[in-house]
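Enquirer: give the three-dimensional model of this entry:
(one chain, ligands or ions: 1)
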Amino acid sequence: MLPGTDAEERSAASGAPAASGKDGRRHCRRCLLRETDREGYFKNLYAYIDGLEEEIRAAEPVYRDRLDCCRQCDLLWDGMCRACGCFVELRAAVGTNRCPYGNW
Ligand code: SF4
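Expert: Okay, here's the model as predicted:
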């Protein structure tokens, strides 16, 4: 999405904040997933994970183990956990989070 296009216009109309990504493109923070471009949404998600403070973040080996566990789980669907609705890469990145089924 380019500056001055849908996300920015929706953001301005709703009063919702829009944020600039590393690519200079603007992403509305209050759009539904269906209203966003998928690639931009996931870039935003990874930027959020990368920006987690060290004291909040799970240690890298713990994070990898958690994601390995999710990969083996029948409830993983398209990056999301069907038990809790979270994107597992985000849920697993926070040290105090737990798997809703106690798998990690
Ligand atoms: S968080 Fe737990 S229940 Fe959800 S996909 Fe991962 S292992 Fe499965």
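Enquirer: now stretch 97-104, how far from the chain's geometric center?
Expert: Relative to the mean C-alpha coordinate of its chain, stretch 97-104 is positioned 18 Å out (Cα atoms, centre = their mean, to the nearest Å).
Enquirer: model confidence over that stretch, on average?
Expert: For stretch 97-104, the per-residue pLDDT values average out at 97.
Enquirer: now it: buried residues?
Expert: N97, C99, W104 (16 or more other Cβ atoms under 10 Å). Bear in mind the C-beta positions are built from the backbone N, C-alpha and C, glycine included.
Enquirer: list the contacts for the closest residue in space to I56 that isn't next to it in sequence?
Expert: Once flanking residues are discounted, I56 sits nearest to V94: 5.9 Å by Cβ to Cβ, 6 or more residues apart in numbering. Residues near V94 by Cβ atoms under 8 Å, 6 or more residues apart in numbering: L52, I56, R57, A58.
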